[in-house]
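**Q** fold the stuff below for me.
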Amino acid sequence: MKSKNKKNYWGSYILGIVACLGLSFYCYTKFIALKYPNYFGLLFSLLFLAVALLIFYFLISIKTYTVINNKLIVASFGKEQKSYNIKEIISWTEVQVKGKHDRYEIFTLYTRTGEKIKISSRKYDNYFEIKNELTKNKERNLKLEELSQNKTGLVICFILITISILCFIGAYNSLQTKNLDDKTISVFGDKTSSIQYINRKHDYVLIKLESYPDLDFRIQGNELKATFVEELMNEIKTGDSLFLGIDKTEYRTKLIKADSLSFPDNYFFSDVISVESLQSKKNDYLKLSEVNAIRSDDKYWDSGLFGVFGLLLTISGVYGIKTSLTKMNNEQ
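**A** Sure thing, here's the model as predicted:
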């Protein structure tokens, strides 16, 4: 007898891969567009990419089980990984798992050497046939089954608490967002060679300067919200003079090149500079005070959302741990 893969077993894997790749690309575009100073976007982009690769590995390494001559042979990538004498199997357990759209079973075989072999009905058409063959005259360990479910619950609760800690860290980081001031930016003047409003998923104003033709000066994110865009686009023409305020670090690394570029800037932002303030001889189009007001509102909203979400996860995790431990103590 040989296990038969379900025709659509790969569906959930493909959905997982597509979802993780989509999230990875989304985080990467957020990182590129908004340039987070702590590079969370890039970190999560790489994390989702790693998860997508892991799911792909699980997809192509699905195991094949063969029962022949009183032996269970486990194969992967078309090669035999291990074989077990069925007499080595001393007990088994089965749990029902609730998926998003269906329910499925997983049964686990326990050998004399302490090894565990798990087989899922989600992957194999002849799951029950395999289970009946391998569990014939074997004891079902109900106590271990209950204990295993409680341990799984504990793991899930600890994961929830870990995520809640990350949420609290996110809330703390949001509150640490500092206001911009004259000490953090460098202001310089130059003539424009072009100015455009780029209408994309993340809109921005692109300014090109005569003295720095290879650099893109962008007004984006919170700075764009604080900008008098209509007046800027109507009043400033090619050849007009503007005074731009940019981060001092970018001024030293990209304009006067007194310092070397950081690793992310060298590979992702070598020709992009964020504009923090903007004015002409007659008007102010982007003020630090307006940017700071928006940044201040955002940091409290972000901190509040992270905090509430983290608190809910913490309560759920602690309650789940308490419930699982109580059940385990009652069983002893």
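
**Q** quick one: average pLDDT of the strand or helix carrying Ile195?
**A** In this assignment (DSSP states H and E), Ile195 forms part of strand 185-198. Mean per-residue pLDDT for strand 185-198: 92.

**Q** residue nearest the centroid of the protein?
**A** The residue lying closest to the centre of the chain (Cα atoms, centre = their mean) is Phe44, at 4.0 Å.

**Q** now that residue: which helix or strand?
**A** helix 40-60.

**Q** before we move on, back to that, how close does the closest residue to the residue nearest to the centre of the chain other than its chain neighbours get to Asp259?
**A** Spatial nearest neighbour of Phe44, excluding adjacent residues (Cβ to Cβ, 6 or more residues apart in numbering): Cys27 at 4.3 Å. C-betas here are computed from N, CA, C, even on glycine. Distance, Cys27 to Asp259, using Cβ to Cβ, to the nearest Å: 28 Å.

**Q** over to Lys183?
**A** Using Cβ to Cβ, Lys183 is found at 17 Å from Asp259.

**Q** again, but for Ile55
**A** 41 Å.

**Q** these two: who's more crowded?
**A** Between Ile55 and Asp259, Ile55 has the larger neighbour count (other Cβ atoms under 10 Å), namely 19 against 12.

**Q** so that one makes contact with Trp10?
**A** No - in this structure, Ile55 is not within contact of Trp10 by Cβ atoms under 8 Å, at 10.5 Å.

**Q** okay, buried residues for stretch 106-114 please.
**A** For stretch 106-114, the neighbour count (16 or more other Cβ atoms under 10 Å) marks Ile106, Phe107, Thr108, Leu109, Tyr110, Thr111 as buried.

**Q** identify the residues contacting that stretch?
**A** With contacts defined as Cβ atoms under 8 Å, 6 or more residues apart in numbering, stretch 106-114 is touched by 72, 84, 88-95, 97, 116-121, 131, 134-135, 141, 144, 148.

**Q** do stretch 293-301 as well
**A** Ser174, Leu175, Thr177, Asn179, Leu180, Asn222, Lys225, Ala226.
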